[in-house]
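Colleague: make a model of this:
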Amino acid sequence: MKGTNPFAFKFNTMALVLIPVAVGINYVGKLFASVLKLPLWLDSVGTILAAMLAGPWIGAITGLINNIIYGLTIDPGSAFYAITSVAIGLTAGILAYMGWTKNWTLAFLMGLVVALVAAIVSTPINILLWGGQTGNIWGDLVFAAIIARDLPLLLASFTGELVVDLIDKVATVLVSYIIYRSLPKRFLIAFNNENKTEKF
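Modeller: Okay, here's the model as predicted:
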C-alpha cells in the first residue's frame, strides 16, 4: 500500500472473506466479556485486525456490521455505538498505513490513539442515552466519583469512558498486532501490505 491513497476503497475477494471472519472475532470477544461480566468490551479485535490488513474502510465496515448484528441479537444499545466502531476502524487503518505496525512501541501508541478516538466519539452517545454513564463498572465508578465532586457532566462522562477505553483498546490493539505479525508474509502480500511491516 506504500505510495497509495490510504482511503482508496479496495473491496476484493480477500476483503470479502475477511469481513465476516473479523465480525465473528468481534462478536465472540464481546459475548465472552459480557457473559463473564468482564470490565472490558473486547469487541474490536476483528475490526482492528481487518483495518491493519485491508485498510481503514474495511475496518470501518467490519465495526459497523458487528455493532448492528450484536445490537439486533444480544444488546440493542450496541447498535448506537456503530459510529464508534467505524471511527476505530478508520483510525486503526490510517495508522497501520502510516507504519504503526512496525514494532511494539508503535502498536502501543496506536492503542492509545484508538482509545482516545473511541472515548471522544462515545462520550456524547453515553450522555444522550445513559446520562453520561458508560455501562462498565470501572468507568461508572470513575463517573460517579467525578460527579460527586460537582464537576461537569461532560468531564465525568469522558473520563469514565477513557479509563475503560485505555485498558480495553490498548489490549485489543496489542492482541490484533500479535495476530497480524504472526500471519505468513504471503498472506499479507495478498492484501498489498508487504511494505507496512518490518522484522521484529
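
Colleague: which other helices and strands contact the strand or helix carrying Gly24?
Modeller: Gly24 belongs to helix 13-35 when assigned by DSSP states H and E. In terms of contacts (3 or more CB pairs under 8 Å, 6 or more residues apart in numbering; DSSP states H and E), helix 13-35 is packed against helix 45-54, helix 56-73. C-betas here are computed from N, CA, C, even on glycine.

Colleague: quick one: distance of that helix to the chain centre.
Modeller: Its chain's C-alpha centre and that of helix 13-35 lie 12 Å apart, by CA atoms, centre = their mean, to the nearest Å.

Colleague: do the same with stretch 101-117
Modeller: Relative to the chain's own centre, stretch 101-117 is displaced by 11 Å; criterion: CA atoms, centre = their mean.

Colleague: go on, stretch 35-47?
Modeller: Relative to its chain's centre, stretch 35-47 lies at 10 Å (CA atoms, centre = their mean).

Colleague: how about CSV for the helices and strands packed on helix 13-35, with mean pLDDT added?
Modeller: Putting the helices and strands packed on helix 13-35 into CSV (pLDDT from 0 to 100) gives the following:
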stretch, mean pLDDT
helix 45-54, 96
helix 56-73, 95
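
Colleague: helix or strand with the lowest mean pLDDT in the chain?
Modeller: When the helices and strands of the chain are scored by mean pLDDT, DSSP states H and E, helix 185-190 comes last with a mean of 83.

Colleague: next, the buried residues of the longest helix along the chain.
Modeller: Longest helix in the chain by number of residues, with DSSP state H as the criterion: helix 153-182. Of all the residues in helix 153-182, those buried under the rule 16 or more other CB atoms under 10 Å are 156-177, 179-181.

Colleague: which other helices and strands contact it?
Modeller: Checking 3+ CB pairs under 8 Å, 6+ apart, helix 153-182 ends up next to helix 45-54, helix 82-97, helix 104-130, helix 137-147.

Colleague: can you tell me which of the ones you listed is most buried?
Modeller: Of the helices and strands packed on helix 153-182, the one with the most neighbours on average (mean count of other CB atoms under 10 Å) is helix 45-54, at a mean of 30.

Colleague: then that one to PDB, C-alphas only?
Modeller: Only the C-alpha atoms of helix 45-54 are listed here, as PDB (Å, rounded to 0.1, in the frame of the first residue of the first chain):
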ATOM      1  CA  VAL A  45     -10.000  -7.200  17.800                       C
ATOM      2  CA  GLY A  46     -11.600  -8.100  14.400                       C
ATOM      3  CA  THR A  47     -12.200  -4.500  13.500                       C
ATOM      4  CA  ILE A  48      -8.600  -3.500  14.100                       C
ATOM      5  CA  LEU A  49      -7.100  -6.600  12.500                       C
ATOM      6  CA  ALA A  50      -9.200  -6.000   9.400                       C
ATOM      7  CA  ALA A  51      -8.000  -2.400   9.400                       C
ATOM      8  CA  MET A  52      -4.400  -3.500   9.600                       C
ATOM      9  CA  LEU A  53      -4.800  -6.000   6.800                       C
ATOM     10  CA  ALA A  54      -7.100  -4.300   4.400                       C
END
